[in-house]
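> no FASTA, just this:
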């Protein structure tokens, strides 16, 4: 197995989760070495919950699981990108939406106009 | 300005960077509060370099900058998603590719077949 750089980030690696059909970003999770091993063995994403400080298999009440289509790592090997098929109801966010990224965030654009 | 949760992650928030035209994930960076403020004020992504422990404006030798098209945060407000227009040569990765995520990473799929 290839290695990831877990040192940079207190034993965790961020994982960007992208829907393989629609191509949009669904969520960002973290894996420790154990979660990565379970992920690589099972073909489903397994995370490490920072809030609960334990392995988080992430099987929703309706059987939602994130089945891996492909995995890639980045140039310095400290991040993963996972393209997935969402099994079950397809609502990845606990708020009941497909993606967790639903809240616009404000900024001033390069011409000084307020956005978001 | 709305607030992000910097506490969860030692004063940093991960930022997923997506190309607004093609929709693919280009890189993942981190912001501290100062980098976020500079980002929100200028309309360009400003990061905090974990390796160098300082603000990283990320202007490449050919003027590459990541101009923000939209920002969104997630359900627990500890991550940002930035859709950007890459100005300059468009090569976001220091290895000379559009995206940093170019290295396939191995896993065994849900049917036990080795991938990646």
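Yep, that arrived. This is a predicted model, so every value here is computed, not measured. Numbering: from 1, shown residues only, chains lettered A, B, ... in the order given.

> Who are the contact partners of residue A:65?
Residue A:65 is in contact with A:44, A:45, A:58, A:59, A:86, A:87, A:88, counting by Cβ atoms under 8 Å, 6 or more residues apart in numbering or on different chains. Any C-beta I mention is one placed from the backbone N, CA and C, and that applies to glycine too.

> what does residue A:54 give?
Contacts for residue A:54 (Cβ under 8 Å, 6+ apart) come out as residue A:48.

> what's the answer for residue A:95, then?
Residues in contact with residue A:95 (Cβ under 8 Å, 6+ apart) are A:102, B:75.

> Chain A: helices as residue ranges?
A:33-42 (DSSP state H).

> Point out the least confident one among the contacts of residue A:65.
By predicted confidence, the contacts of residue A:65 are weakest at residue A:59, whose pLDDT stands at 69.

> Can you list which of the contacts of residue A:65 are found in strands?
Helix and strand membership here follows DSSP state E; of those, those in strands are A:86, A:87.

> Among the contacts of residue A:65, give me the pair with the biggest separation.
Checking the contacts of residue A:65 against each other with Cβ to Cβ, the farthest-apart pair comes out as A:45 and A:88, at 13.2 Å.

> For those two, indicate the residue with more neighbours.
residue A:45 (26 against 14; other Cβ atoms under 10 Å in any protein chain shown).

> quick one, what contacts that one?
Contacts here follow Cβ under 8 Å, 6+ apart; on that basis residue A:45 touches A:15, A:17, A:29, A:39, A:58, A:65, A:66, A:68, A:82, A:84.

> My read is that residue A:42 contacts residue B:108, right?
Yes. Using Cβ atoms under 8 Å, residue A:42 is in contact with residue B:108, at 7.4 Å.

> right, and residue A:103 touches residue B:71 too?
No. In this structure, residue A:103 sits apart from residue B:71 without contact. The criterion is Cβ under 8 Å, and the distance is 9.5 Å.

> more crowded one of the two?
Neighbours were counted for residue A:103 and for residue B:71 using other Cβ under 10 Å; residue B:71 has more, 23 against 15.

> Please report how far the nearest residue to residue A:92 once chain neighbours are set aside lies from residue A:9.
Of all residues not flanking residue A:92 in the chain, residue A:26 sits nearest, at 4.5 Å (Cβ to Cβ, 6 or more residues apart in numbering or on different chains). For residue A:26, the distance to residue A:9 equals 21 Å [Cβ to Cβ, to the nearest Å].

> Between these two, which is the more surrounded one?
residue A:26 (24 against 20).

> Name the nearest residue to residue A:45, sequence neighbours excluded.
Leaving aside its sequence neighbours, residue A:45 sits nearest to residue A:66 (Cβ to Cβ, 6+ apart; 4.2 Å).

> and that neighbour, what is it in contact with?
When contacts are counted by Cβ under 8 Å, 6+ apart, residue A:66 touches A:17, A:26, A:44, A:45, A:58, A:82, A:84, A:85, A:86, A:87, A:92.

> Let's see that with 10 Å instead.
Under the criterion of Cβ atoms under 10 Å, 6 or more residues apart in numbering or on different chains, the contact list for residue A:66 reads A:15, A:17, A:19, A:26-27, A:29, A:39, A:43-47, A:58-60, A:82-88, A:92.
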